[in-house]
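In: The sequence and its predicted three-dimensional model are supplied below.
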Amino acid sequence: QGQLVESGGGLVQPGGSLRLSCVASGVFLAHYTVGWFRQAPGKEREGIACIRSTDGFRYYADSVKGRFGISRDNAKDTVYLQMNDLKEEDTATYYCATSFCNPDSVEPGTGPYDYRGQGTQVTVAS
């Protein structure tokens, strides 16, 4: 049974940085396009970044463009989200999922061989 596990969340001051990791087990993650999503209490889920398995294309939502960077290490079955210049409005639960990465959006896959992690909490506060 495959799964994705996120780590790297925590409490950080505004302007700080965090790097989230999405590690796969039982899943050959190199074959998958992977996205990062976040959801804050009372707000809708937001797809913020993705990286394609085929050509390495990256998408970023306007809310994080220029501050966040997505990358992958296929040898480690891991996708990263580097988050810089964090703002209070970035506070949310962040999770990774196998996804569809479009030029202007990212959507989680919902098929029988798609995977989603449980999430890691990021809190930005002074």
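Out: It's in. Numbering: from 1, shown residues only.
In: tell me, what residue is most central in this structure?
Out: Trp36 (2.2 Å; Cα atoms, centre = their mean).
In: I'd say it and Leu20 touch.
Out: Yes. The pair Trp36 / Leu20 is scored as a contact, 7.2 Å apart, by Cβ atoms under 8 Å. C-betas here are computed from N, CA, C, even on glycine.
In: any shared contact partners between those two?
Out: Shared contacts of Trp36 and Leu20, defined by Cβ atoms under 8 Å, 6 or more residues apart in numbering, are found at Leu81, Tyr94, Cys96.
In: Could I get those residues in JSON lines, plus columns for neighbour count and secondary structure?
Out: Output for these, formatted as JSON lines (neighbours: other Cβ atoms under 10 Å; DSSP: H, G, I helix; E, B strand; the rest coil):
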{"residue": "Leu81", "neighbour count": "27", "secondary structure": "strand"}
{"residue": "Tyr94", "neighbour count": "23", "secondary structure": "strand"}
{"residue": "Cys96", "neighbour count": "32", "secondary structure": "strand"}
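In: which of those lies closest to Gly119?
Out: Using Cβ to Cβ, Tyr94 comes nearest to Gly119 of these, at 6.3 Å.
In: Please give the element, helix or strand, for Glu99.
Out: Quick fix: residue 99 reads Ser, not Glu. Using DSSP states H and E, Ser99 sits in strand 92-102.
In: which residues are in contact with that strand?
Out: Outside strand 92-102, the residues that reach it (Cβ under 8 Å, 6+ apart) are 4, 6, 9, 20, 22, 27, 32-40, 43, 46-47, 50-52, 57-59, 79, 81, 106-109, 113-122.
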